[in-house]
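Q: coordinates only, sequence not included:
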């Protein structure tokens, strides 16, 4: 089963400000928890999706100003160095394409839990952090 949410700009901090008529904040909370992403004030959650089966896979995309990427990575506990040009083979959040100017890495975030981290700097006005979290 795929659960998805595409958040409006008003939903800046994952759950804050989403009313009953907005997207399902539980999807964003689940994706943020599994991926470890900590959405800072001023960031825009572009979307989140989670799939459950034998394993769990969640993905989230967050846009920030180009100067805010390092703070977002640090707040989200990313400790690995991102490799420029390294692509991720996992599909992004629906409706959020990945550009050509990317850097990414994979890291283990717990026993049997991993995440792929990709920063897309293709748009000079904003960077997009894509994170896929999954269990095996």
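A: In hand now; what should we look at? What you are looking at is a predicted structure, and each value in this text was computed from that prediction instead of being measured.

Q: Let's verify the residue positioned nearest the centre of the chain: helix, strand, or coil?
A: Taking Cα atoms, centre = their mean, the centroid of the chain lies closest to residue 60, which sits 2.9 Å from it. Under DSSP: H, G, I helix; E, B strand; the rest coil, residue 60 falls in the strand class.

Q: Helices of this structure, start to end?
A: 25-35, 69-75 (DSSP state H).

Q: could you say what helices and strands the first one packs with?
A: Based on contacts counted as 3 or more Cβ pairs under 8 Å, 6 or more residues apart in numbering; DSSP states H and E, the elements that helix 25-35 packs against are strand 2-5, strand 44-52, strand 56-64, strand 113-120, strand 127-135. Using the backbone N, CA and C atoms, a C-beta is placed for each residue, glycine as well.

Q: do the same with the last one
A: Using 3+ Cβ pairs under 8 Å, 6+ apart as the contact criterion, the neighbours of helix 69-75 among helices and strands are strand 113-120, strand 127-135.

Q: how far does that helix sit from the chain's center?
A: 12 Å (Cα atoms, centre = their mean, to the nearest Å).

Q: Just the buried residues of that helix, please?
A: Judged by neighbour count (16 or more other Cβ atoms under 10 Å), helix 69-75 contains these buried residues: 69, 72, 73.

Q: next one: the first one
A: Of all the residues in helix 25-35, those buried under the rule 16+ other Cβ under 10 Å are 25, 27, 28, 30, 31, 32, 34, 35.
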